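1. dropping the sequence and predicted coords here.
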Amino acid sequence: MITVEDLHKHFGGFHAVDGASLTIEAGSITGLIGPNGAGKTTLFNVIAGVLEPTSGRVFMDGEDITGLPPHTLFHKGLLRTFQIAHEFGSMTCRENLMMVPGDQAGERLWDTWFGRKRIANEERALKAKADEVMEFLTIEHIADLRAGQVSGGQKKLLELGRTMMVDAKIVFLDEVGAGVNRTLLYTIADAIKRLNEERGYTFVVIEHDMDFIERLCDPVICMAEGAVLAEGTLAEIKANEHVIEAYLGTGLKNKEQVGG
Ligand SMILES: Nc1ncnc2c1ncn2[C@@H]1O[C@H](COP(=O)(O)OP(=O)(O)OP(=O)(O)O)[C@@H](O)[C@H]1O
């Protein structure tokens, strides 16, 4: 579904992504792990159009999507979750879901000129959709709370919920488990699994919590120093000598580059 070919992202002389090549299979929940600074987030940002690659290509279902902006990728069903922006904290959780842009922005504008009734109907449909999303994620009780007031884990579920307001095909999740309590972490894991099984979402998940990875991800891709080091089941990855070394090592290569 997604093929990354020899991707590089340099920040000055620093090679954050340094020749990464990988494939994300449709229908998978692929885990992306690796020591701090391995380049996971940078890779995500390049795939999701947030950062331009220095070189290399990204394909989605055979189509070259390298460097396309996030909103174009969004309409192709490729989404990266973002933290709920500070300025949306004063809106309710339901409103945060309802404002996710739909597919028919042009039609909406048309509606504002020609059909108040149609707008009202559309608003009702959006609200129903938001409520259905919150029910799926078992957070219907926070619908009317301000997004800025809910817990970290509930915010993560809300971020996931935003991907459900559009027809996402592939969703990139960056550390959804960080700072979330165990119970909510399992709720998030369960929602990801159900979205994958019941709605056909493909996920790519960056996560440091190995328990979370073990519950969800197959295959697991391990990055180190900007490139893919190993791929396989979590058990295979954990037994891989190079992976063990990378987690213990210090990433000397890039340090030399920065120094030089
Ligand atoms: N905008 C930037 N400018 C300069 N260096 C950057 C920039 N973004 C990331 N880096 C560097 O690139 C390297 C890779 O960062 P990245 O966040 O992609 O790693 P990561 O694998 O996601 O790490 P972590 O697990 O700690 O989040 C890091 O050393 C980081 O400091």
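-> All right, it came through fine.

2. ramachandran coordinates for the nearest residue to D174 once chain neighbours are set aside?
-> Computed as C-beta to C-beta, 6 or more residues apart in numbering, the closest residue to D174 that is not its neighbour in sequence is I206, at 4.8 Å. The C-beta positions use only the backbone N, C-alpha and C, and glycine is treated the same way. Dihedral pair for I206: phi -90, psi 130, per degrees, to the nearest 10.

3. I206 contacts G39, correct?
-> No: with contact defined as C-beta atoms under 8 Å, I206 does not count as touching G39 (10.6 Å).

4. just want to know which of those two has more residues nearby.
-> The residue with more neighbours, out of I206 and G39, is G39; 25 against 22, by other C-beta atoms under 10 Å.

5. which residues are in contact with the more buried one?
-> Contacts for G39 (C-beta atoms under 8 Å, 6 or more residues apart in numbering) come out as 9, 16-18, 20, 223, 225-227.

6. swap in 10 Å and give it another go.
-> 7, 9, 15-18, 20, 32, 46, 223-228, 251, 254 (C-beta atoms under 10 Å, 6 or more residues apart in numbering).

7. quick one: residues contacting the closest residue in space to it that isn't next to it in sequence.
-> With C-beta to C-beta, 6+ apart as the criterion, G39 has its nearest non-adjacent residue at 4.2 Å, and that residue is G226. G226 makes contact with 7-10, 14-20, 34, 37-40, 42-43, 251, 253-254, according to C-beta under 10 Å, 6+ apart.

8. give me that answer again for 7 Å
-> Residues counted as contacts of G226 (C-beta atoms under 7 Å, 6 or more residues apart in numbering) are 15-20, 39.

9. most neighbours of all those residues, which one?
-> In terms of neighbours by other C-beta under 10 Å, the contacts of G226 top out with V17 at 30 neighbours.

10. for it, give its distance to the ligand.
-> From V17 across to the ligand, the span is 7 Å (C-beta to the nearest ligand atom, to the nearest Å).

11. could you find the closest non-adjacent residue to that residue?
-> K9 (4.0 Å).

12. and if you look at E123?
-> Among residues not flanking E123 along the chain, M98 sits closest, at 7.8 Å (C-beta to C-beta, 6+ apart).

13. confirm the residue nearest to V17 sits in a strand?
-> Yes: applying DSSP: H, G, I helix; E, B strand; the rest coil, one finds K9 inside a strand.

14. just the pLDDT for it.
-> In this model, K9 is scored at 98, pLDDT.

15. surely it touches A16?
-> Yes: applying C-beta atoms under 7 Å, one finds K9 in contact with A16, separated by 5.1 Å.

16. any shared contact partners between those two?
-> T42.

17. interface residues of the chain facing the ligand?
-> 11, 14, 16, 34, 36-42 (C-beta under 6 Å from any ligand atom).

18. of the residues you listed, which belong to strands?
-> Using DSSP state E, 11, 14, 16 are the members of the residues of the chain next to the ligand that sit in strands.

19. pipe the residues you listed into a markdown table and attach distance to I188 per row.
-> Rendered in a markdown table, the data for these read as follows (distance: C-beta to C-beta, whole Å):
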| residue | distance to I188 |
| --- | --- |
| F11 | 31 |
| F14 | 32 |
| A16 | 27 |
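
20. just for this protein, where's the confidence low?
-> Within the chain, the segments meeting pLDDT under 70 span 83-87, 101-115, 249-260.

21. report how many residues lie close to the closest residue to the ligand within the stretch 51-200 of the chain.
-> Relative to the ligand, the nearest point of the stretch 51-200 of the chain is E175 (7.1 Å; C-beta to the nearest ligand atom). Neighbourhood size, E175 [other C-beta under 10 Å]: 17.
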